[in-house]
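Asker: Provide a 3D model corresponding to the input given below.
(chains A and B)
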2 protein chains.
Amino acid sequence: MNILETAGYLRNLNNVLLLTHVRPDGDTIGSAAALCQALRDLGKTAHLLYNPEITATYAPYAAPYWGSDGFTPEHVISVDVAAPSLLPENAKRYADSIELAIDHHPSYSSFARHACVDATAAAAGEIVYGVIHALTPVTPAIALPLYVAISTDTGCFVYSNTTARTHRIAAALLEQVDVFAVNKALFRTKSKTRLAMESRMVADMELYDQDRVVIMQIPLSLRQEMHATEADIEELSSLAALVEGTDCGVTLRELKPGSIKISVRSGPRVDACAVCAKLGGGGHRAAAGALVEGTMADAKAAVLQAVAEVAEA
Amino acid sequence: MNILETAGYLRNLNNVLLLTHVRPDGDTIGSAAALCQALRDLGKTAHLLYNPEITATYAPYAAPYWGSDGFTPEHVISVDVAAPSLLPENAKRYADSIELAIDHHPSYSSFARHACVDATAAAAGEIVYGVIHALTPVTPAIALPLYVAISTDTGCFVYSNTTARTHRIAAALLEQVDVFAVNKALFRTKSKTRLAMESRMVADMELYDQDRVVIMQIPLSLRQEMHATEADIEELSSLAALVEGTDCGVTLRELKPGSIKISVRSGPRVDACAVCAKLGGGGHRAAAGALVEGTMADAKAAVLQAVAEVAEA
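Answerer: Numbering: from 1, shown residues only, chains lettered A, B, ... in the order given. Below is the predicted model of the structure:
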């Protein structure tokens, strides 16, 4: 369905439950919150299913919208979810009954009855903006979470997914809300712990493939040594993409012993999504991820092998 | 003069020399380059006066526009220059004959015969965009340096000076040019030397005033030890503004023995421009600078004193 069809479809629904993805980021939370507010502005009952992995960074945007246990939805919609495997545990029971998926991942797996998918959108928030714009005025309560969605998925308008449309939507949102505090908190603040972790990751980084591939590591021991919180670690995978001369930044994060989260940020030579697909993951061409079992050394060997197979010479 | 008056004024000029400011940044270079290209598109002769402090980062944008020694201008225009004292040495001879100043600094000192000044503009590039838009089509050759001007002065759309207008102009520019390479080079690349310098600055940072003021230092010795180039150090003053819990980030950089560049980045509690004005400098409310004589210890004492006098309790 296109934007207008999706808007028309939503206009006829009531008692809606919105689902977000595991390890929720600004896009899934901000987009779902804005859509929930818009549905409420239309007089409908709408909630977000509580996401148990919500971090302090994004919790304030979702807080007004979490549904109560007693809520029985008539319609279930997923936002920024590329595949049922990316639903949190408590959302899996809805996996077969999702009526509408709103998404921007090229790897969207066609699991919902209807879909509004645009892989050219920098964020799901761009699609949701269009849908809301066709339904109801974009109030400050809608504009703020949408700004969070779009700004976080573009690294504040710097990643290669940013387009003229992204900036046009941002202009419309800034007509409604002051984003100074959001920008400061999301993009211009690092805890002392985070700064110290970054220093260590830089000191310990390893270069491969004619110094074009950089690997940074966040072992559990580093996290424990620094008493780092989840918020201290959030988005640390963007650090590896900064190293001059490299065009493939890999971050290996030990979630628990034997379980490694691999994040890949890449330039045109390396398709990050293809690299991660070889490891059972997915994402976008310039930013993707996978979860592998084994030691940090296993994960390093696996991702280097995958990069070697995928990258252009 | 407003935008349309300025456009009308420029339409009647020929043989134009454009001046940029000392330690040239993306805004002064990008704005002047775009204006120069627009004047040439109108069939006029126009050049930039060579700026001897141009860095490798911005040199490519200015290179097509540097004037030859033989060029004798009929009209001299300054771009992003708040005061004659901010002209490079080789531009001082024009200080008394500047016909038009295009600027966005609140501290603009009314030195030119005519002025197009808008302190609400995030960058001089926003004003120049408006002027060019009224004169001639915004081609890719104009859009690229204007994007450099606006994106660098807003930290890529993250600083508090970013407005809806900023994003609207960015959208128009992105219709003309692909900014992937620019964003990568300006905002998503750090040399290994720079990363190492940042680590040291973080390790050595000092907190004052109930931990709300952070001071970072770049002594000459650090620069020499790391063999850092000017490009490695550019914009390092933004690092101090990131430290969680602080709202006044001060960077002291030893330019040469006895000469210290002070940069202040601040939140609402501290007027950075007022702080730097006490030290003989100036700038914007959230970002300002000053040059002081003395040791690093002298500069630290002076800036802490100035912050104490200016900051709200």
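
Asker: helix, strand or coil for A:Asp211?
Answerer: coil (DSSP: H, G, I helix; E, B strand; the rest coil).

Asker: ugh, wrong one, I meant A:Ile132
Answerer: Taking three-state DSSP, the label given to A:Ile132 is helix.

Asker: Contact partners for it?
Answerer: With contact taken as CB atoms under 8 Å, 6 or more residues apart in numbering or on different chains, A:Ile132 is in contact with A:34-35, A:38, A:138, A:142, A:146. Just so you know, the C-beta spots here come from the backbone N, C-alpha and C atoms, and that holds for glycine as well.

Asker: got these as CSV, with neighbour count and distance to chain B columns?
Answerer: Shown next, in CSV, are the contacts of A:Ile132 (neighbours: other CB atoms under 10 Å in any protein chain shown; distance: CB to the nearest CB, whole Å):
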residue, neighbour count, distance to chain B
A:Ala34, 31, 18
A:Leu35, 31, 22
A:Ala38, 26, 20
A:Val138, 22, 13
A:Ile142, 26, 16
A:Leu146, 32, 13
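
Asker: Tell me the spacing between A:Phe180 and A:Leu135.
Answerer: 28 Å (CB to CB, to the nearest Å).

Asker: just checking, A:Ala32 touches A:Tyr65?
Answerer: Yes: counting by CB atoms under 8 Å, A:Ala32 does reach A:Tyr65; the two are 7.4 Å apart.

Asker: Compare the two and say which is more crowded by neighbours.
Answerer: A count of neighbours by other CB atoms under 10 Å in any protein chain shown puts A:Ala32 above the other of A:Ala32 and A:Tyr65, at 34 against 22.

Asker: and the one helix or strand that one maps to, what other elements does it pack with?
Answerer: Here A:Ala32, judged by DSSP states H and E, is contained in helix A:26-41. Judged by 3 or more CB pairs under 8 Å, 6 or more residues apart in numbering or on different chains; DSSP states H and E, helix A:26-41 is in contact with strand A:16-19, strand A:46-48, helix A:59-62, strand A:75-79, helix A:124-133, helix A:140-153.

Asker: what's the angle from that helix to strand A:75-79?
Answerer: Calculated by axes from the mean of the first three to the mean of the last three CA atoms, to 10 degrees, helix A:26-41 forms an angle of 150 degrees with strand A:75-79.

Asker: Tell me which stretches of the stretch 51-200 of chain A form strands.
Answerer: A:75-79, A:100-103, A:114-117 (DSSP state E, counting those that start in this stretch).

Asker: mind listing the helices for chain A?
Answerer: A:3-11, A:26-41, A:59-62, A:124-133, A:140-153, A:164-174, A:180-187, A:192-203, A:220-225, A:230-233, A:272-277, A:296-310 (DSSP state H).

Asker: do you know which of those lies nearest A:Ala288?
Answerer: Among those, the nearest to A:Ala288 by CB to CB is helix A:272-277 (3.9 Å).

Asker: So which residues make contact with the closest one?
Answerer: Against helix A:272-277 from outside (CB under 8 Å, 6+ apart): A:106-107, A:248, A:262, A:264-266, A:282-290, A:303, A:306-307, A:310-311.

Asker: Equivalent analysis for stretch A:59-71, please.
Answerer: If you take CB under 8 Å, 6+ apart as the criterion, stretch A:59-71 is touched by A:15, A:17-18, A:20, A:24, A:26, A:29-30, A:32-33, A:36-37, A:45-51, A:54, A:73, A:144-145, A:148.

Asker: Would you confirm that A:Ser238 contacts A:Gly155?
Answerer: Yes: contact criterion CB under 8 Å: A:Ser238 and A:Gly155 qualify, at 6.7 Å.

Asker: okay, these two: which has more neighbours?
Answerer: A:Gly155 (24 against 17).

Asker: Next up, the contacts around that one.
Answerer: Neighbouring residues of A:Gly155 by CB under 8 Å, 6+ apart: A:187, A:238, B:188.

Asker: how much space is there between it and B:Gly283?
Answerer: From A:Gly155 over to B:Gly283 (counting by CB to CB), the distance is 26 Å.

Asker: Might you report the residue contacts of A:Val177?
Answerer: With CB under 8 Å, 6+ apart, A:Val177 has these contacts: A:140, A:143-144, A:147.

Asker: want to try a markdown table for the contacts of A:Ile132, with distance to B:Thr166 and pLDDT as columns?
Answerer: Below are those laid out as a markdown table (distance: CB to CB, whole Å; pLDDT from 0 to 100):
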| residue | distance to B:Thr166 | pLDDT |
| --- | --- | --- |
| A:Ala34 | 22 | 98 |
| A:Leu35 | 26 | 98 |
| A:Ala38 | 26 | 98 |
| A:Val138 | 19 | 98 |
| A:Ile142 | 21 | 98 |
| A:Leu146 | 18 | 98 |
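
Asker: Show me which of those is closest to A:Arg93.
Answerer: A:Leu35 (21.1 Å).

Asker: Out of the contacts of stretch A:59-71, which end up buried?
Answerer: Taking 16 or more other CB atoms under 10 Å in any protein chain shown as the criterion, what is buried in the contacts of stretch A:59-71 is A:17-18, A:20, A:24, A:26, A:29-30, A:32-33, A:36-37, A:46-51, A:54, A:73, A:144-145, A:148.

Asker: Count the neighbours of A:Arg77 for me.
Answerer: Wrong residue type there; residue A:77 is Ile, not Arg. Counted with other CB under 10 Å, A:Ile77 comes out at 28.

Asker: check contacts around the closest residue to it other than its chain neighbours.
Answerer: Excluding the flanking residues, the one nearest A:Ile77 by CB to CB, 6 or more residues apart in numbering or on different chains is A:Leu100, at 4.6 Å. By CB under 8 Å, 6+ apart, the contact list for A:Leu100 reads A:1, A:6, A:9-10, A:75, A:77-78, A:112-116.

Asker: quick one, what contacts A:Gly283?
Answerer: A:82, A:105, A:107, A:264, A:272-273, A:276, A:289.

Asker: in the sheet, who's paired with it?
Answerer: A:Gly283 has the following beta-bridge partners by DSSP bridges: A:Ala288.

Asker: Pretty sure A:Arg168 sits against B:Ile169.
Answerer: No: judged on CB under 8 Å, A:Arg168 makes no contact with B:Ile169 at a distance of 10.8 Å.

Asker: Looking at these two, which one has more neighbours?
Answerer: B:Ile169 (26 against 19).

Asker: The more buried one and chain A: what is the separation?
Answerer: Shown here: B:Ile169 relative to chain A, a distance of 8 Å by CB to the nearest CB, to the nearest Å.

Asker: Check what pLDDT the spatially closest residue to that residue that is not a sequence neighbour gets.
Answerer: Among residues not flanking B:Ile169 along the chain, B:Tyr129 sits closest, at 5.1 Å (CB to CB, 6+ apart). Listed pLDDT for B:Tyr129 reads 98.

Asker: what's around B:Tyr129, how many residues?
Answerer: B:Tyr129 - counted by other CB under 10 Å - has 31 other residues nearby.

Asker: go on, A:Ile98?
Answerer: By other CB under 10 Å, the burial measure for A:Ile98, its neighbour count, is 22.

Asker: Same question for A:Glu312.
Answerer: Around A:Glu312 there are 7 residues (other CB under 10 Å).

Asker: List the contacts of it.
Answerer: A:269-270.

Asker: How about A:Ala34?
Answerer: Applying CB under 8 Å, 6+ apart, the residues contacting A:Ala34 are A:125, A:128-129, A:132, A:142-143, A:145-146, A:149.

Asker: repeat that for 7 Å
Answerer: Counting by CB atoms under 7 Å, 6 or more residues apart in numbering or on different chains, A:Ala34 makes contact with A:128, A:132, A:142, A:145-146, A:149.

Asker: anything in contact with each of A:Ala32 and A:Tyr65?
Answerer: Residues touching both A:Ala32 and A:Tyr65 (CB under 7 Å, 6+ apart): A:Leu48.

Asker: Could you identify which of the helices of chain A has the lowest mean pLDDT?
Answerer: Among the helices of chain A, helix A:230-233 carries the lowest mean pLDDT (a mean of 86).

Asker: Packing partners of it?
Answerer: Helix A:230-233 is packed against helix A:192-203, with contacts defined by 3 or more CB pairs under 7 Å, 6 or more residues apart in numbering or on different chains; DSSP states H and E.
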